[in-house]
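Undergrad: Next come a sequence and a model predicted from it.
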Number of protein chains: 2
Amino acid sequence: MSKPTVHDIAREAGVSLATVDRVLNARPGVREKTIKRVQDAVRRLGYVRDTYAANLARQRHYRFAFVLPEGPSQFVDTLKAALAEATEAQMADRVSAATVSVPSQDPHAVVRTLNTLNTGRLDGVAIMAPETPQVRDAVARLKAAGLVVVALVSDLPNSRRDHFVGINSLAAGRTAASLMGRFTRASRGKVLVVTSSVFARDSIDRRLGFDLVMAAEYPWVDVLPTVEFRDDPIRLSEVVNYALAANPDITGIYSLGAGNTPLLETLRGSGRLKELIVIAHELTPATRAGLLNHEVDAVITQNVGHLVRSALRVLRAKCDGVAIFEAQERIRIDIVIRENLP
Amino acid sequence: MSKPTVHDIAREAGVSLATVDRVLNARPGVREKTIKRVQDAVRRLGYVRDTYAANLARQRHYRFAFVLPEGPSQFVDTLKAALAEATEAQMADRVSAATVSVPSQDPHAVVRTLNTLNTGRLDGVAIMAPETPQVRDAVARLKAAGLVVVALVSDLPNSRRDHFVGINSLAAGRTAASLMGRFTRASRGKVLVVTSSVFARDSIDRRLGFDLVMAAEYPWVDVLPTVEFRDDPIRLSEVVNYALAANPDITGIYSLGAGNTPLLETLRGSGRLKELIVIAHELTPATRAGLLNHEVDAVITQNVGHLVRSALRVLRAKCDGVAIFEAQERIRIDIVIRENLP
DNA sequence: CTTGACTAGAGGTACGTACCTCAAATAAAG
DNA sequence: CTTTATTTGAGGTACGTACCTCTAGTCAAG
């Protein structure tokens, strides 16, 4: 009835506790036939190792590092806050998670940081960084050092990372398009797409998903080429104002990434914000305020709390070599409007 | 650096292990002054009891029951499936959760079931049932028997339940209204609201929230009185067809509760489904299929996986007398459209 | 038959906590 | 000052697992 223990396995298999231990922990010195016997007993009784008792005995302490970009991103700020909150709440669970900030301007900084991580003092790393060949190599090195590597927010699909915690950017873009198409249906104007960098992987994928759905479902909408402002609020103001002036029939604004504070500022300045449908990504203080003010119509986001908790759970599971609970780790694409603001 | 243990507390407070134990577990036989000393040491070192080690020593096993309505509800089916999945995955965590099904037609059945629960063999109960004075009394009895009681999906606000796991129905209705207003903006017709029972608490709250937002934000939309079909597919077909015939300018359908399979069937039969904006609650096989077929435009839902996992976490936390991690237990109002279908 | 390698068993300690017993110290009562 | 009750200390065992040592058995090669 109650959970079987190693003692039950030993009795069932007709071997000693030491042998069960050797088999369960893949220690040498057991004949093939005996290993089978023990494994059969495990299967028959449905034994599952009590991870907590095991960690207690082993004095296990999970040491993780979160490599995150530093800079003026409100999204990263909320992510860091969620991480701090989660680690504080989970301190009881013998996990410690250090945040390692990386200058986001310098593309080599991530690689340098990853290569200087003290692999001896770490069990796993969660990385939020754009994929480059150098990052792939760094991930390979971390894997070679025996660490668990998880990609966070933005995937590193061609690296040797163990898992990706985040949402599909293409699907996020599709979701944004569907809402934009429906919300602007009455006005039937053009849509302006704004991003910080047209080279960022996330932006590209979102734009792609957005275009796919727009073309298929709302072919009458004229989606303008992406306007890029390169992290520069002045440039943002210039290009957006120029686009608005050149296209008086713009009715929708789709913000692909960060920079929503200056974007809303500019739109407010143009005097046309109230009539515009604005859809942005990531729930941050800026987009939240925008929703509350009726300035932003929808935000496509991912719950940062789930993100970090999922990353921590996956890191732990991979360290233990345990299967992860897929349903719990699938990060959802959240649609947030004023009425369901959490 | 590492987590302080009871030994550290004993040393810090200058008392023996036994005394620390007596204080931590509120056992008698310790002077006030000594209790203070120990508590101060706990605070100074930031000691938190290792729940897993404690449960190990105590041979603790959490025994919970989920009292759920039985019947043809797809939502309850998905809830039960999620519960089965979660308990299987968490079996390692020394929790067992039994499902107790209650005939949903008979309002006394819930009370009877609650009163016949073997309180001696249970640590906590999660209840999904409409609130009645009898249910409140039953909850009080369970509390008196020392059980933890959690309301699931539908709250029991005036009972002595320890916690509510679910979403605010009023806010859910507001969310539905906002989407309905935006989605039907181009057509500017009437909206038909359909429900199984106009007396169900959830339905009332959703309708209220819906009306509040409709009146405030989309005053030009004519929201028709709620049409009730009382769990009867034939009646549903009749009343919906009648309403559609009487109001040729209906452009939106808002389904407040269950019965989406026959509702979609009827709408399909009317030949007007493709032009109608349909918004429903709860992601089930029926609404999922509807989204994929472009028959349903949006579904307001709550993640059943989160629901049951949250209920289990809260039940455990309340059993241990530990604070719950609010941010993790807040169930979100999910908006699901075709593009972000999980 | 001996040697050595391999395999298995028996028993121990430890992790952090709960809970138990018994003795000793202290305080409050007479 | 005793007597009694209350408070504290010291020590143990147990939970399920990991990891250690030491002994003993099996088997094949020499």
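TA: Alright, I've got the coordinates.

Undergrad: mind saving the C-alpha coords of stretch A:295-314 as PDB?
TA: Extracted in PDB, the C-alpha atoms of stretch A:295-314 (Å, rounded to 0.1, in the frame of the first residue of the first chain):
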ATOM      1  CA  GLU A 295      -3.300  53.000 -24.500                       C
ATOM      2  CA  VAL A 296      -2.300  49.400 -25.100                       C
ATOM      3  CA  ASP A 297      -4.900  47.000 -26.300                       C
ATOM      4  CA  ALA A 298      -3.200  43.600 -25.800                       C
ATOM      5  CA  VAL A 299       0.000  42.200 -24.500                       C
ATOM      6  CA  ILE A 300       1.400  38.900 -25.600                       C
ATOM      7  CA  THR A 301       3.500  37.600 -22.800                       C
ATOM      8  CA  GLN A 302       4.800  34.700 -20.800                       C
ATOM      9  CA  ASN A 303       4.500  34.400 -17.100                       C
ATOM     10  CA  VAL A 304       8.000  35.200 -15.700                       C
ATOM     11  CA  GLY A 305       7.200  33.400 -12.500                       C
ATOM     12  CA  HIS A 306       6.500  30.200 -14.300                       C
ATOM     13  CA  LEU A 307       9.500  30.800 -16.400                       C
ATOM     14  CA  VAL A 308      12.000  30.800 -13.600                       C
ATOM     15  CA  ARG A 309      10.200  28.100 -11.600                       C
ATOM     16  CA  SER A 310      10.100  25.900 -14.600                       C
ATOM     17  CA  ALA A 311      13.800  26.600 -15.300                       C
ATOM     18  CA  LEU A 312      14.600  25.600 -11.700                       C
ATOM     19  CA  ARG A 313      12.500  22.500 -11.800                       C
ATOM     20  CA  VAL A 314      14.000  21.400 -15.100                       C
END
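
Undergrad: State the mean pLDDT of that stretch.
TA: Stretch A:295-314 carries an average pLDDT of 96.

Undergrad: does that stretch come close to chain B?
TA: Yes. Contact of stretch A:295-314 with chain B (Cβ under 8 Å from any Cβ of the partner chain) involves A:D297, A:I300, A:N303, A:G305, A:R309. For glycine as for every other residue, the C-beta is placed from the backbone atoms N, C-alpha and C.

Undergrad: would you list every one of the helices in the stretch 151-300 of chain A?
TA: A:169-183, A:201-217, A:233-246, A:260-270, A:285-292 (DSSP state H, counting those that start in this stretch).

Undergrad: out of the residues of stretch A:295-314 next to chain B, which are buried?
TA: A:D297, A:I300, A:N303, A:G305, A:R309 (16 or more other Cβ atoms under 10 Å in any protein chain shown).

Undergrad: For A:V135, state which of these is nearest.
TA: A:R309 (24.4 Å; Cβ to Cβ).

Undergrad: so how far is DNA strand D from that closest one?
TA: 24 Å (Cβ to the nearest atom of the strand, to the nearest Å).

Undergrad: if you skip the residues just before and after it, what's nearest to that residue?
TA: A:A86 (5.4 Å; Cβ to Cβ, 6 or more residues apart in numbering or on different chains).

Undergrad: May I have the phi/psi pair for the closest residue to DNA strand D within chain A?
TA: Residue nearest to DNA strand D within chain A: A:A57 (2.7 Å; Cβ to the nearest atom of the strand). Backbone torsions of A:A57, given as degrees, to the nearest 10, read phi -60, psi -40.

Undergrad: Around it, count how many other residues there are.
TA: Neighbours of A:A57 under the rule other Cβ atoms under 10 Å in any protein chain shown: 9.

Undergrad: got the buried residues for stretch A:215-233?
TA: Those would be A:E217, A:Y218, A:V221, A:V223, A:L224, A:T226, A:V227, A:E228, A:F229, A:D231, for stretch A:215-233 by 16+ other Cβ under 10 Å.

Undergrad: and what of stretch A:40-48?
TA: A:A41, A:V42, A:L45, A:Y47.

Undergrad: Now secondary structure, distance to DNA strand D and pLDDT too, for those, in TSV please.
TA: Shown next, in TSV, are these (DSSP: H, G, I helix; E, B strand; the rest coil; distance: Cβ to the nearest atom of the strand, whole Å; pLDDT from 0 to 100):
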residue	secondary structure	distance to DNA strand D	pLDDT
A:A41	helix	12	91
A:V42	helix	10	92
A:L45	helix	11	91
A:Y47	coil	7	90
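
Undergrad: Now distance to A:G321 too, for those residues, in a markdown table please.
TA: Below are those laid out as a markdown table (distance: Cβ to Cβ, whole Å):
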| residue | distance to A:G321 |
| --- | --- |
| A:A41 | 20 |
| A:V42 | 15 |
| A:L45 | 20 |
| A:Y47 | 16 |
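
Undergrad: What is the nearest of those residues to chain B?
TA: A:Y47 (10.4 Å; Cβ to the nearest Cβ).

Undergrad: Next up, the contacts around that closest one.
TA: Contact analysis of A:Y47 by Cβ atoms under 8 Å, 6 or more residues apart in numbering or on different chains lists A:P4, A:T5, A:V6, A:D8, A:I9, A:A41.

Undergrad: Looking at those, spot the one nearest B:S196.
TA: A:P4 (45.7 Å).

Undergrad: which residues does the residue nearest to that closest one when sequence neighbours are not counted contact?
TA: Among residues not flanking A:P4 along the chain, A:L45 sits closest, at 4.1 Å (Cβ to Cβ, 6+ apart). By Cβ under 8 Å, 6+ apart, the contact list for A:L45 reads A:P4, A:D8, A:I9, A:E12.

Undergrad: about what we covered before: winner for burial among the helices of the stretch 151-300 of chain A?
TA: helix A:169-183 (a mean of 25; mean count of other Cβ atoms under 10 Å in any protein chain shown).

Undergrad: Okay, angle between that one and helix A:201-217 too, please.
TA: 40 degrees (axes from the mean of the first three to the mean of the last three Cα atoms, to 10 degrees).

Undergrad: Low-confidence bits of chain A, can you list those?
TA: The model of chain A has pLDDT under 70 over residues A:1, A:90-92.

Undergrad: make it 50
TA: Within chain A, not a single segment meets pLDDT under 50.

Undergrad: Up against DNA strand C, what does it have?
TA: Within chain A, the residues that sit near DNA strand C (Cβ under 7 Å from any atom of the strand) are A:14-19, A:28-31, A:33-34, A:53, A:56-57, A:59.
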